[in-house]
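> Sequence plus predicted model, see below.
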Amino acid sequence: MIQDKQIALSTEEFVAALVLCGYEEAAADIINELQLAETEEQLVTFSNQAETLLNNRGYWDETRSSNLVKGLESFIHLLIKSQKKTRCVHGNHVLIFHQIEGDEMIVQTFKGMEHRFELCKHSDSLWERMADFFGLADEDVDLPENFRLRSQGFDLFSQATSEEIDAIIRDQIYPENFNIFLDDFRNHGFSLDNISMMISHYTRDESELIQVNFFLKSSKGFMWYVDYSLIEETNEIHVKALAPKECFEAAVYVMLDFYKHDAVE
């Protein structure tokens, strides 16, 4: 089992580690997505620089076939071979819980150009880790009333300008709870965050999305849950305000229940 409890890698180091462990396709996906190298010459330069960085950080071991220290190589193999994953997306930041074996997981955080990996257990305070990732704390907050709107209306507001949202809020055309949501939605670039669960088939380089739920962090200290589950039946989107602990405890419960059932390769 892994000896190191935490590992930090830049994106370049992470890609190099994937290649050294034999996962060239996974590395290529990251290189192409982030446009880290576009020519063969750039790719060679990128690889040399990344290997130098791994050496400087103490992750290099020329006595091993992978040239990586055992702890890092173990993390990479477990990470890629993990079938069940839960991914939290908040803007450009990503938090992933990779189920590995028994009650153990690797938690991966990606912020900026740095990846952090940490070994944790199902019994750890995972909801607090999620809340911290979204920048929320377990505090008493006043929750506005739930509301619902037509999908066409939501699409219309998604295309509004910041000035138009200011005018709507200023003129008090809609109830206060909806104005708070509009302000949060505008401040988040008219986009939603999400928590999704998936099954990864690394031998086929495929991922199967099992479930995705959409959220929006409020400046008032709570989470908006944006529920699309009834959109085909009623053409409505239901929006509910949740306290951080309620929101993330529910997310962790669903995640761990998902991990209890065997995945099929």
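Yep, that arrived.

> Give me the contact list for whichever helix or strand residue 167 is part of.
Residue 167 is located in helix 162-170, with elements delineated by DSSP states H and E. For helix 162-170, the external contacting residues (C-beta atoms under 8 Å, 6 or more residues apart in numbering) are 157, 160, 174, 179, 182-183, 185-186. From N, CA and C alone the C-beta is placed, and that goes for glycine too.

> Could you pull out the buried residues of the helix or strand following it?
Once the chain leaves helix 162-170, the next helix or strand it forms, by DSSP H and E, is helix 176-187. For helix 176-187, a neighbour-count test (16 or more other C-beta atoms under 10 Å) marks 177-186 as buried.

> closest to residue 28 among the contacts of helix 162-170?
Using C-beta to C-beta, residue 185 is the member of these that lies nearest residue 28, at 35.4 Å.

> Would you agree the closest one is in contact with residue 160?
No: checked against C-beta atoms under 8 Å, the pair residue 185 and residue 160 is beyond contact range at 9.2 Å.

> pLDDT averaged over stretch 95-107 - what is it?
Across stretch 95-107, pLDDT averages out at 93.

> and what of stretch 24-32?
Here the average pLDDT along stretch 24-32 is 80.

> same check, this time on stretch 141-154
93.

> that older thread, need the contacts of helix 162-170 in CSV with pLDDT and distance to residue 32, can you?
Formatted as CSV, these follow (pLDDT from 0 to 100; distance: C-beta to C-beta, whole Å):
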residue, pLDDT, distance to residue 32
157, 88, 34
160, 89, 33
174, 90, 43
179, 94, 42
182, 94, 36
183, 95, 37
185, 95, 31
186, 94, 32
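
> With distance to residue 10 added, can I get these in CSV?
Shown next, in CSV, are those (distance: C-beta to C-beta, whole Å):
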residue, distance to residue 10
157, 38
160, 38
174, 45
179, 41
182, 38
183, 35
185, 33
186, 33
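
> quick check: domain ranges of the chain?
The chain breaks down by automatic domain parsing into domains covering 6-133, 147-244.

> most packed of these?
Neighbour counts (mean count of other C-beta atoms under 10 Å) averaged over each of these peak at domain 6-133, with a mean of 17.

> What is the longest strand of this structure by residue count?
strand 206-217 (DSSP state E).

> Run through the neighbouring helices and strands of the very next helix or strand once past it.
Later in the chain than strand 206-217, the nearest helix or strand by DSSP H and E is strand 223-227. Judged by 3 or more C-beta pairs under 8 Å, 6 or more residues apart in numbering; DSSP states H and E, strand 223-227 is in contact with strand 206-217, strand 236-242, helix 244-260.

> Contacts only, for residue 159.
By C-beta under 8 Å, 6+ apart, the neighbours of residue 159 are residue 190.

> Give me the phi and psi for it.
Per-residue torsions, residue 159: phi -100, psi 0 (degrees, to the nearest 10).
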